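A.B. asks: next one to model:
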Amino acid sequence: MIKGAKANFSSSGCQFQDLITGKTIGNAKQVEGLYLLEDGYNSNRQSQRTCLNSISIPNENKIMLWHFRLGHPSFYYLRHLFPKLFLNKNPASFQCEICELAKHRRTYFPAQPYKPTKPFSVIHSDVWGPSRIKTITGKRWFITFIDDHTRITWVFLLHEKSKAENVFKTFYKMIQTQFQTHIQVFRSDNSKEYFNEILGNFFEQNGIVHQSSCNNTPQQNGVAERKNKHLLEVTRSLTLSNNVPKYLWGEAVLTSTYLINRMPSKILKFQTPLNCFKEHFPSSRLSHDLPLKVFGCTAFVHVHDINRGKLDPRARKCVFVGYPSTQKGYKCFDPISKFFFISMDVTFFEDKPFFCKTHLQGETSSKDS
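C.D. replies: Residues are numbered from 1 along each chain as shown. Below is the predicted model of the structure:
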């Protein structure tokens with residue numbers, strides 16, 4: 001400040017006035033938070049030196065100063081606030097260690113495009129569970145195997161997660177026997193059931209390349225993760241629509257797999273996975289098609305003569321729970337006797353749910369009656 005003068009600040013700048021004569025002896029304009037002394041006025045050398053130092057501050061330092069002042073916003077956002085400071089400067093070239101510590105994010109994983117190859121060249125897999133509710137047979141997990149080329153899906157229910165090893169070996173032998181081919185690449189998450197010594201040796205002995213995702217990075221196993229999501233969405237829809245108890249979730253998952261394999265897929269240009277699979281293996285007899293029925297509806301299963309007296313009912317009232325993979329028939333369940341029945345001699349009341357709606361459906365709802 002010049003001795004014997006006062007400064008009058010306003011929204012646009014600052015005016016310096018001599019206290020004795022009352023004359024204006026200098027003006028300063030506000031530019032980006034700084035007061036720059038205008039040319040044409042005399043001032044002491046110290047004031048001029050201060051203003052010159054302010055003017056000579058590099059734009060990089062000003063950008064970082066405002067970055068700190070405003071609470072570390074994005075540099076792209078700062079460019080909108082102070083476009084003049086970013087002339088010939090790329091916001092991506094600025095780095096801030098505090099921002100990395102406070103706002104670090106995971107790498108973006110774009111969806112990988114579908115690349116047709118041939119069946120069983122790549123198999124995606126994942127283990128889901130445990131469910132809080134056991135199935136009627138005591139299962140709490142399920143494992144999926146998805147063929148990358150046809151997107152046809154196999155699902156197996158598990159008592160324990162450790163059983164995944166034996167299930168994979170059985171699946172591998174089935175592929176060899178039924179389709180005379182081999183699994184070349186096996187993709188999974190980083191779960192321990194795929195990394196035990198026995199299965200690791202099995203991969204090595206059979207020339208299977210095991211590709212696994214990084215720790216806590218399920219996006220790298222995206223095909224299997226999305227398939228699990230799709231399976232569970234269909235499973236919830238099947239059970240909720242007809243009030244099916246939670247202990248039948250395993251049958252609902254298997255039925256969901258059966259239906260998804262027969263539904264058009266966008267990634268296959270609206271061809272069904274099963275039809276795409278049959279193009280490569282037209283003589284395969286592993287799959288069969290039955291007229292579809294409403295999951296959870298009332299079904300009457302015929303009681304054969306050998307199992308009934310002359311005055312006994314000729315049918316047993318059950319709930320329809322799916323399509324078995326090894327028998328050509330409908331799978332029905334009798335909640336009273338806790339028995340499953342597989343038969344073609346079934347009459348369906350598809351518009352009549354077997355179970356009444358007595359409670360909310362869902363894994364965390366009250367215990368089934």
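A.B. asks: where does pLDDT dip in the stretch 151-300 of the chain?
C.D. replies: Counting by pLDDT under 70, the ranges of the stretch 151-300 of the chain that qualify are 190-197, 214-221.
A.B. asks: where exactly do the helices run in it?
C.D. replies: Ranges of helices in the stretch 151-300 of the chain, per DSSP state H, counting those that start in this stretch, are 164-179, 197-205, 222-241, 249-260, 273-280.
A.B. asks: helix 249-260 and the third one, what's the angle between them?
C.D. replies: Helix 222-241 and helix 249-260 are oriented at 110 degrees to each other (axes from the mean of the first three to the mean of the last three CA atoms, to 10 degrees).
A.B. asks: surely residue 247 and residue 131 touch.
C.D. replies: No - assessed by CB atoms under 8 Å, residue 247 is found out of contact with residue 131, at 9.7 Å. In short, each C-beta sits where N, CA and C put it, glycine included.
A.B. asks: give the contact list for the closest residue to residue 62 other than its chain neighbours.
C.D. replies: Nearest non-adjacent residue to residue 62, counting by CB to CB, 6 or more residues apart in numbering: residue 85, 5.6 Å away. Listed by CB atoms under 8 Å, 6 or more residues apart in numbering, the contact set of residue 85 reads 32, 59, 62, 63, 66, 78, 79.
A.B. asks: skipping its backbone neighbours, what lies nearest the last one in space?
C.D. replies: The spatial neighbour of residue 79 that comes closest, neighbours along the chain excluded (CB to CB, 6+ apart), is residue 86 at 4.4 Å.
A.B. asks: hmm, residue 159 is touching residue 143, no?
C.D. replies: No - contact criterion CB under 8 Å: residue 159 and residue 143 do not qualify, at 11.7 Å.
A.B. asks: comparing those two, which residue is more hemmed in?
C.D. replies: residue 143 (23 against 13; other CB atoms under 10 Å).
A.B. asks: and the more buried one, bridged to which residues?
C.D. replies: On the basis of DSSP bridges, residue 143 takes part in beta bridges with residue 127, residue 156.
A.B. asks: separation between it and residue 123?
C.D. replies: Residue 143 sits 11 Å away from residue 123, going by CB to CB, to the nearest Å.
A.B. asks: in the stretch 1-150 of the chain, which spans are strands?
C.D. replies: Ranges of strands in the stretch 1-150 of the chain, per DSSP state E, counting those that start in this stretch, are 5-9, 13-18, 24-31, 34-37, 122-128, 141-147.
A.B. asks: actually, the stretch 201-350 of the chain.
C.D. replies: Per DSSP E, counting those that start in this stretch, the stretch 201-350 of the chain carries strands over the ranges 209-212, 297-302, 315-322, 330-334, 339-343, 346-353.
A.B. asks: can you redo the ones you listed as a markdown table with distance to residue 92?
C.D. replies: Shown next, in a markdown table, are these (distance: least, CB to CB, whole Å):
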| stretch | distance to residue 92 |
| --- | --- |
| strand 209-212 | 32 |
| strand 297-302 | 59 |
| strand 315-322 | 54 |
| strand 330-334 | 59 |
| strand 339-343 | 62 |
| strand 346-353 | 58 |
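A.B. asks: with respect to residue 222, which of these lies nearest?
C.D. replies: Nearest to residue 222, of all those, is strand 209-212, at 12.6 Å by CB to CB.
A.B. asks: which strands and helices sit next to the closest one?
C.D. replies: Under the contact criterion of 3 or more CB pairs under 8 Å, 6 or more residues apart in numbering; DSSP states H and E, strand 209-212 touches strand 185-188, helix 197-205.
A.B. asks: buried ones in it?
C.D. replies: Using 16 or more other CB atoms under 10 Å as the test for burial, strand 209-212 gives residue 212.
A.B. asks: does the residue nearest to residue 79 touch residue 66 like I think?
C.D. replies: No - Residue 86 is beyond contact range of residue 66, at 10.9 Å (criterion: CB under 8 Å).
A.B. asks: looking at the strands of the stretch 201-350 of the chain, which has the lowest confidence?
C.D. replies: Of all those, mean pLDDT reaches its minimum on strand 209-212 (a mean of 86).
A.B. asks: coming back round to it: quick check on the contacts of residue 85: which are buried?
C.D. replies: By 16+ other CB under 10 Å, the contacts of residue 85 give 62, 63, 66, 78, 79 as buried.
A.B. asks: got a markdown table for those residues, with distance to residue 302 and pLDDT too?
C.D. replies: Below are the buried ones among the contacts of residue 85 laid out as a markdown table (distance: CB to CB, whole Å; pLDDT from 0 to 100):
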| residue | distance to residue 302 | pLDDT |
| --- | --- | --- |
| 62 | 86 | 86 |
| 63 | 81 | 88 |
| 66 | 81 | 85 |
| 78 | 77 | 85 |
| 79 | 76 | 87 |
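A.B. asks: now those as a markdown table including distance to residue 276?
C.D. replies: Below are the buried ones among the contacts of residue 85 laid out as a markdown table (distance: CB to CB, whole Å):
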| residue | distance to residue 276 |
| --- | --- |
| 62 | 60 |
| 63 | 55 |
| 66 | 57 |
| 78 | 51 |
| 79 | 49 |
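A.B. asks: now residue 246: closest residue in space, sequence neighbours ignored.
C.D. replies: Closest to residue 246 by CB to CB, 6+ apart is residue 133, at 4.5 Å.
A.B. asks: need phi/psi at that neighbour.
C.D. replies: When read as degrees, to the nearest 10, the backbone of residue 133 gives phi -110, psi 130.
A.B. asks: then residue 206?
C.D. replies: Phi and psi for residue 206, reported as degrees, to the nearest 10, are phi -100, psi 10.
A.B. asks: wait, isn't it in contact with residue 182?
C.D. replies: Yes - assessed by CB under 8 Å, residue 206 is found in contact with residue 182 at 7.2 Å.
A.B. asks: so, low pLDDT: which residues of the stretch 1-150 of the chain?
C.D. replies: Scanning the stretch 1-150 of the chain for pLDDT under 70 picks out 1-4, 32-34, 38-57, 103, 105-114.
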